[in-house]
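1. task: produce atomic coordinates for the following.
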Amino acid sequence: KDMVEELVQREGFNFGVINILLQYVMQKTDNNLPEKYVYSVASTWKKSGVTDARSAYEKAMEIQKNQEKSKQKRMESYSQNTNGPFYNKKEKQPRWVTHPEEYEQKEEDQEALEKDRAAFLKRLKQKRRAGED
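-> Below you'll find the model as predicted:
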């Protein structure tokens with residue numbers, strides 16, 4: 001009751017505007033009437049030229065439509081990034097993945113590698129035999 005009286009005095013709204021204002025606020029705040037929020041919305045509506053119930057209703061619908069558009073834009077930008085807006089980075093791949101031709105082994109290299117491998121295995125066997133004795 002005090003809030004309604006103050007809205008009439010402070011903002012100069014008629015009861016039709018106040019009724020729509022309170023319904024709008026209750027819809028936005030899960031059937032609560034936070035006083036500061038009510039006054040904030042009332043002040044915004046007054047600054048934007050709300051004078052009667054029809055303009056109050058149109059203002060409420062305009063705000064709701066703008067919020068839906070904003071939400072839709074956020075959802076679109078979120079869905080454009082497959083992992084969400086915070087995971088838009090791509091992993092840096094090592095050069096051997098992106099340029100495999102530079103890292104292919106040539107036949108001469110392969111033969112040298114086989115010789116080195118055979119020599120290493122031979123030394124390893126010799127060390128094992130020496131360790132068993």
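2. outside of the strand or helix carrying Arg10, which residues touch it?
-> Here Arg10 is covered by helix 2-11, with elements defined by DSSP states H and E. Helix 2-11 has contacts (CB atoms under 8 Å, 6 or more residues apart in numbering) with 13-15, 18, 21-22, 33, 35, 38-39, 42-43, 45-46. All C-beta spots, glycine's among them, are computed from the backbone N, C-alpha and C.
3. which of those residues count as buried?
-> Neighbour-count burial (16 or more other CB atoms under 10 Å) applied to the contacts of helix 2-11 gives Phe13, Ile18, Leu21, Leu22, Val38, Tyr39, Ala42, Trp45, Lys46.
4. in a markdown table, list those along with secondary structure, distance to Ala118 and pLDDT.
-> Shown next, in a markdown table, are the buried ones among the contacts of helix 2-11 (DSSP: H, G, I helix; E, B strand; the rest coil; distance: CB to CB, whole Å; pLDDT from 0 to 100):
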| residue | secondary structure | distance to Ala118 | pLDDT |
| --- | --- | --- | --- |
| Phe13 | coil | 95 | 87 |
| Ile18 | helix | 95 | 91 |
| Leu21 | helix | 89 | 91 |
| Leu22 | helix | 90 | 91 |
| Val38 | helix | 87 | 90 |
| Tyr39 | helix | 88 | 91 |
| Ala42 | helix | 90 | 91 |
| Trp45 | helix | 88 | 87 |
| Lys46 | helix | 92 | 90 |
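5. just give me the closest of the residues you listed to Ser77.
-> Using CB to CB, Trp45 comes nearest to Ser77 of the buried ones among the contacts of helix 2-11, at 29.9 Å.
6. right, I'll leave it there.
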